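> Starting from these lines, generate the structure:
(chains A, B, C and D)
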Number of protein chains: 2
Amino acid sequence: MINQRETARTKYGQKIADATVGRLSRYYRTLKQLESLGVATVSSDELAKRNNVTSAQVRKDFSFFGAFGRRGLGYNVRDLKHNIAHILGLDLEWHLALVGVGNIGRALLNFRQFQEQNFYFTLLLDSDPRKIGTRFNNLEVKNLDHLAEEITKAHVDIVVISVPVEAAQKVADQLVATGIKAILNFAPTSLHVPSDVVVRNENMVIEIEHLSFALAQTERV
Amino acid sequence: MINQRETARTKYGQKIADATVGRLSRYYRTLKQLESLGVATVSSDELAKRNNVTSAQVRKDFSFFGAFGRRGLGYNVRDLKHNIAHILGLDLEWHLALVGVGNIGRALLNFRQFQEQNFYFTLLLDSDPRKIGTRFNNLEVKNLDHLAEEITKAHVDIVVISVPVEAAQKVADQLVATGIKAILNFAPTSLHVPSDVVVRNENMVIEIEHLSFALAQTERV
DNA sequence: AATTGTGAACCTCTTCACAGCT
DNA sequence: AGCTGTGAAGAGGTTCACAATT
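As a prediction, this is how the structure comes out:
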């Protein structure tokens, strides 16, 4: 399960594919880079080449949200970047909670790209008594038993779950009960949540197994 | 770009979708858990429920590789687990190199799930003189300038790239030149590689932007 | 009675191809 | 002439539905 709520739709009512949203993020990164290089205008073909997709794909992706280009000329880099930022909600500030302050979790706290994109950790939760009360990145680790009140107090929008696999579903259930609608799940298990809650899974073992699959297939032919 | 080589095929010649490979990894995890619980038999419906897919999807996924079940009875947990392990290449040992011993990279070194699945780091590379020569998890950080010889010496199968975005493509080019066919890329950029090299992208910012997109769409309706 | 394996139908996403602007 | 925006065609992935098997 990748997206567990009804697929998002534009104001025109179209369903937006997950793949489209992912590509918008990639185009956005390209546009930031072009802007920093002082490039003023870009074509769908240029964006396509830099992202290993077709130019028709780029234009189609944009078309769900509006007409951002000028025929014959291409796209204004600055304007397009702002438009995509708005679509992706990157013009807003998002408050994150980290549940499970382990190995991966601590790396995420120090992950600059989150802050650069207006994603800020404002709450750390763990169940380990040795961790509760300690501080990471200026944030005190709170007791997981008080999840609901801490989540509410910190005005959390998005929760990153990086607890052991056995604990993940219970945490998800509690988050759903407190009204959380967006979860980034690092635990290697499918979470069962209502359809109005979005879960994205970040599963590094699955990614690397795609690679071993490809290598094994080749070698065994 | 997710999979940059020609789509993998079974011995029967079917193309295997990325999505199918990802689901096989998930079923595999479910089977390991069922086995540890002492469950001997499982139906496609049970596997489906635990992974938020349909039972037809489960059966179709298996069908590309063979007929592993018994009509009326379901699948033997142990046998199916072995079959999937073989398909995914998890019955082999894979040697990993980590290029870029930063924040995320060091977290990966301590990531138990890799070793549990026969993925072993055998080489660390970095360009930072302060890091070269230091040790992490019993491995010495080698000089990135000697990439080709170190990769060959360590018999590396899969390379994890976690260098800054500006350096990623150059590293990828060097890896391709040494004959590496599988890359797990944590740098937030699309890598350009020949079609016989598989790249999987692990991009946490993109994942979290799916969430902000979903939240922003909902709130702005 | 239960459950698999699979061709066919269905649905979704991508690419084509060209009219419409600049 | 160059490039976007988009309906239509095409490709690919998922679900249906049922014959086959235990």
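
> drop to CA atoms for contacts and neighbour counts, all remaining ones
Noted.

> For chain A, give me the ranges with low pLDDT.
Residue ranges of chain A with pLDDT under 70: A:1-14, A:221.

> same thing but at 50, please
A:1-7, A:11-12 (pLDDT under 50).

> quick one, strands of it?
A:41-42, A:75-76, A:94-99, A:119-126, A:135-136, A:139-143, A:158-161, A:182-185, A:198-201 (DSSP state E).

> quick one: is the longest helix anywhere in chain A near chain B?
In chain A, with assignment by DSSP state H, the single longest helix is helix A:18-36. Yes - using CA under 8 Å from any CA of the partner chain, helix A:18-36 comes into contact with chain B via A:18, A:21, A:22, A:25, A:26, A:29.

> Stretch A:99-118 too?
Yes - Stretch A:99-118 is in contact with chain B by CA under 8 Å from any CA, via A:103, A:104, A:107, A:108, A:110, A:111, A:113, A:114.

> likewise stretch A:213-221?
Yes - between stretch A:213-221 and chain B, judged by CA under 8 Å from any CA, the touching residues are A:213, A:214, A:215, A:216, A:217, A:218, A:221.

> Distance of residue A:47 relative to DNA strand C?
13 Å (CA to the nearest atom of the strand, to the nearest Å).

> ok, now residue A:86?
From residue A:86 to DNA strand C the distance is 20 Å (CA to the nearest atom of the strand).

> Residue A:148 touches residue A:178, doesn't it?
Yes - the pair residue A:148 and residue A:178 qualifies as a contact (CA atoms under 8 Å) at a distance of 5.7 Å.

> one step back: just how off-centre is the longest helix of chain A within its chain?
Between the mean C-alpha location of helix A:18-36 and the chain-wide mean there is a distance of 13 Å, by CA atoms, centre = their mean, to the nearest Å.

> again, but for stretch A:41-49
Relative to its chain's centre, stretch A:41-49 lies at 24 Å (CA atoms, centre = their mean).

> Could you do stretch A:169-181 as well?
18 Å.

> what does that stretch rub up against?
Stretch A:169-181 is contacted by residues A:147-148, A:151-152, A:156-159, A:161, A:191-194, A:196-198, B:215 when judged by CA atoms under 8 Å, 6 or more residues apart in numbering or on different chains.

> Quick one: buried ones out of the residues you listed?
A:147-148, A:151, A:156-159, A:161, A:191-193, A:196-198, B:215 (16 or more other CA atoms under 10 Å in any protein chain shown).

> Chain A - how does it break down into domains?
A:18-88, A:94-206 (automatic domain parsing).

> what would these look like in JSON lines with distance to residue B:209?
Below are those laid out as JSON lines (distance: least, CA to CA, whole Å):
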{"stretch": "domain A:18-88", "distance to residue B:209": "6"}
{"stretch": "domain A:94-206", "distance to residue B:209": "9"}
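
> so which of those domains is the most packed in?
domain A:94-206 (a mean of 18; mean count of other CA atoms under 10 Å in any protein chain shown).

> and that domain, anywhere near DNA strand D?
No - judged by CA under 7 Å from any atom of the strand, domain A:94-206 stays clear of DNA strand D, getting no closer than 14.2 Å.

> Can you measure across that domain, start residue to end residue?
Distance across domain A:94-206, first residue to last, is 28 Å (CA to CA, to the nearest Å).

> from the chain's centre, how far out does it sit?
With CA atoms, centre = their mean as the basis, domain A:94-206 stands 13 Å off its chain's centre.

> so who does residue A:140 touch?
Applying CA under 8 Å, 6+ apart, the residues near residue A:140 are A:123, A:124, A:132, A:133, A:134.

> so the fourth one makes contact with residue A:127?
No - counting by CA under 8 Å, residue A:133 sits too far from residue A:127 to count as a contact (10.9 Å).

> what's near enough to touch residue A:135?
Residue A:135 neighbours (CA under 8 Å, 6+ apart): residue A:141.

> ok, residue A:61 to residue B:211 distance?
For residue A:61 relative to residue B:211 (CA to CA), the value is 18 Å.

> can you pull out the helices in chain A?
Counting by DSSP H, the helices of chain A are A:18-36, A:44-50, A:55-63, A:77-88, A:103-109, A:112-116, A:147-153, A:165-178, A:204-220.

> For those helices, give me JSON lines that also has distance to residue A:185.
Putting these into JSON lines (distance: least, CA to CA, whole Å) gives the following:
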{"stretch": "helix A:18-36", "distance to residue A:185": "16"}
{"stretch": "helix A:44-50", "distance to residue A:185": "29"}
{"stretch": "helix A:55-63", "distance to residue A:185": "26"}
{"stretch": "helix A:77-88", "distance to residue A:185": "19"}
{"stretch": "helix A:103-109", "distance to residue A:185": "11"}
{"stretch": "helix A:112-116", "distance to residue A:185": "16"}
{"stretch": "helix A:147-153", "distance to residue A:185": "17"}
{"stretch": "helix A:165-178", "distance to residue A:185": "8"}
{"stretch": "helix A:204-220", "distance to residue A:185": "11"}
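
> related to what we said a few turns ago, name the nearest of the contacts of residue A:140 relative to residue B:65.
Among the contacts of residue A:140, residue A:124 lies closest to residue B:65 (CA to CA), at 43.8 Å.

> partner residues bridging the closest one?
residue A:98, residue A:141 (DSSP bridges).

> what's the spacing between it and DNA strand D?
Distance from residue A:124 to DNA strand D, by CA to the nearest atom of the strand: 35 Å.

> do the same with residue A:183
For residue A:183, the distance to DNA strand D - CA to the nearest atom of the strand - is 21 Å.

> That residue against residue A:159, yeah?
Yes - Residue A:183 is within contact range of residue A:159, at 4.9 Å (criterion: CA under 8 Å).

> Other residues contacting stretch A:114-125?
Residues contacting stretch A:114-125 (CA under 8 Å, 6+ apart): A:90-101, A:109, A:132, A:139-144, A:147, A:150-151, A:154, A:156, B:205.

> before we move on, what about stretch A:94-107?
Contacts of stretch A:94-107 (CA under 8 Å, 6+ apart): A:118-127, A:131, A:136, A:141, A:144, A:151, A:154-163, B:103-104, B:107-108, B:110-111, B:212.

> hmm, 6 Å instead?
By CA atoms under 6 Å, 6 or more residues apart in numbering or on different chains, the surrounding residues in contact with stretch A:94-107 are A:119-126, A:156-163, B:103-104, B:107.

> distance of residue A:112 from chain B?
Distance from residue A:112 to chain B, counting by CA to the nearest CA, to the nearest Å: 10 Å.

> Equivalent analysis for residue A:177, please.
Residue A:177 is 17 Å from chain B, where distance means CA to the nearest CA.
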